[in-house]
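>>> this is the structure alone, sequence omitted:
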């Protein structure tokens, strides 16, 4: 028994955290971690602070939304996807690292066939291959550079704010309907809700809402996704389109309520 306790103490002595990952907009609901508080902890404990800002980091482009990402500027690294909320072609991710020398030290490889020289083809400062796991890569940055040059950063900020305003409008429509129920707060551009009906338990409503989503897809009405929060299934609307208008959300809510009532009339998933 004594030896077991000693072994446990030795093992636990190696469980030293080295980094913290904070969320700037979770995928399911768009929730934010307290980034400033996490930054304080990391600075005090000398840990690496990384922010996963898949799409939410781009809220920083809107002056009205910038407070949501307060503390992100203190991160050691930030990752986000420009195709998710900057209306760019698919697969263009971005990672920012505060200290270039630490980034370089993590990935740089100096095999003989990658030897740097002072002159010629292998000359120059750091190579792009020294900043990641890929030795060869596509020139994905070109489409980001061209898009920003063509439209400007402030325009992206306005469109991002427009999407968030539209999400708030949709949330208000949901709140105003006795047939619908919000499932999570709406801090950004994602609205999670479900169709509900009296005298139906959650298991029955889950089946009904699942079928409702499929009929929206099959009918070509809308391409919303779905999620489960706790044991409740619902619809997830992520507003990323710069062409969306409020009328679209009016139509969408009307269709959801109509399909839900049709399913009830059919006796679908009756408890």
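Thanks, I have the structure now. Because the structure is predicted, anything quoted here is derived from the model rather than measured.

>>> could you use CA atoms for every contact and neighbour count after this?
Noted.

>>> from residue 204, how far out is residue 25?
The gap separating residue 25 from residue 204 is 30 Å, by C-alpha to C-alpha, to the nearest Å.

>>> residues in contact with residue 173?
Applying C-alpha atoms under 8 Å, 6 or more residues apart in numbering, we find residue 173 in contact with 250, 253.

>>> same question for residue 202.
Here residue 202 is in contact with 231-232 (criterion: C-alpha under 8 Å, 6+ apart).

>>> cool, and residue 105?
By C-alpha under 8 Å, 6+ apart, no residues touch residue 105.

>>> phi, psi for it please.
With angles defined as degrees, to the nearest 10, residue 105 sits at phi -70, psi -30.

>>> so where's the stretch 151-271 of the chain uncertain?
Residues of the stretch 151-271 of the chain that meet the criterion pLDDT under 70 lie in 271.

>>> just the strands in it please.
180-182, 190-195, 225-229, 232-238 (DSSP state E, counting those that start in this stretch).

>>> tell me which of those lies nearest to residue 142.
strand 232-238 (26.5 Å; C-alpha to C-alpha).

>>> for the closest one, packing partners?
Helices and strands touching strand 232-238, as assessed by 3 or more C-alpha pairs under 8 Å, 6 or more residues apart in numbering; DSSP states H and E, comprise strand 190-195, helix 202-218, strand 225-229.

>>> of all these, which one is nearest residue 268?
Smallest distance to residue 268 across those (C-alpha to C-alpha): 6.7 Å, for helix 202-218.

>>> tell me who's in contact with the closest residue to residue 268 other than its chain neighbours.
Sequence neighbours aside, residue 208 is the residue nearest to residue 268 in space, at 6.7 Å (criterion: C-alpha to C-alpha, 6 or more residues apart in numbering). Applying C-alpha under 8 Å, 6+ apart, we find residue 208 in contact with 260, 263, 268-269.
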